[in-house]
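Colleague: sequence below, structure please.
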Amino acid sequence: MANIAPQTFVDDLGRKIFLAKPPTRIVSLAPNITETLFALGVGDKIVGVTSSCDYPAEATRKAKVGDVHPNLEAVVAQRPDLVLTLPLQTDVLSTLEHLKIPVFMLDAAPPPMPISMPGPPICTRRESAGTPDLNDCSAGMDPTPPASMIGL
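Modeller: Numbering: from 1, shown residues only. Predicted coordinates for the structure are as follows:
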């Protein structure tokens, strides 16, 4: 959002959101969104978070604007120029839109399965195998990565 020109963005629900300028006062209504904003280096632009937003530690020092059900008065009191959230209840969304507060919804739906990985399979050496051709998974290699490689 480093652009100076006004832009229209499409959120994860297909709604168009117009921003006249880059946001400087952001309210985050989900812990994962708050963490991502801090990771992106824009924590200084966050003016409100939920009571569940406790990471990083700086998030605990931001104004609290509710929990699973945002407190609309607390949100509006922060004078946000952007609210980032997971899908909201219709009445909350319509109130914020009526007040001309842009709401960008991020849908946390899981990716479609199966996830295909690019490239050839990862081959690991079997204990009983000799020195197989590393380019040939059938030559004494197990195409399944060891549990340590996949976080198990």
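
Colleague: quick one: residues contacting the residue nearest to residue 10 when sequence neighbours are not counted.
Modeller: Leaving out its chain neighbours, the residue that sits closest to residue 10 by Cβ to Cβ, 6 or more residues apart in numbering is residue 16, at 5.7 Å. In this view, the C-beta of every residue, glycine as well, is placed from N, C-alpha and C. Contacts for residue 16 were tallied using Cβ atoms under 8 Å, 6 or more residues apart in numbering; they are 8, 9, 10.

Colleague: and the gap between residue 16 and residue 75?
Modeller: Residue 16 sits at a distance of 21 Å from residue 75 (criterion: Cβ to Cβ, to the nearest Å).

Colleague: helices of the chain, start to end?
Modeller: 31-39, 72-77, 90-98 (DSSP state H).

Colleague: still on that earlier bit, among the contacts of residue 16, name the buried ones.
Modeller: With neighbours counted by 16 or more other Cβ atoms under 10 Å, the contacts of residue 16 contain no buried members.

Colleague: output the residues you listed as JSON lines; include the columns distance to residue 69.
Modeller: Formatted as JSON lines, those follow (distance: Cβ to Cβ, whole Å):
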{"residue": "8", "distance to residue 69": "29"}
{"residue": "9", "distance to residue 69": "25"}
{"residue": "10", "distance to residue 69": "26"}
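
Colleague: lovely, talk soon.
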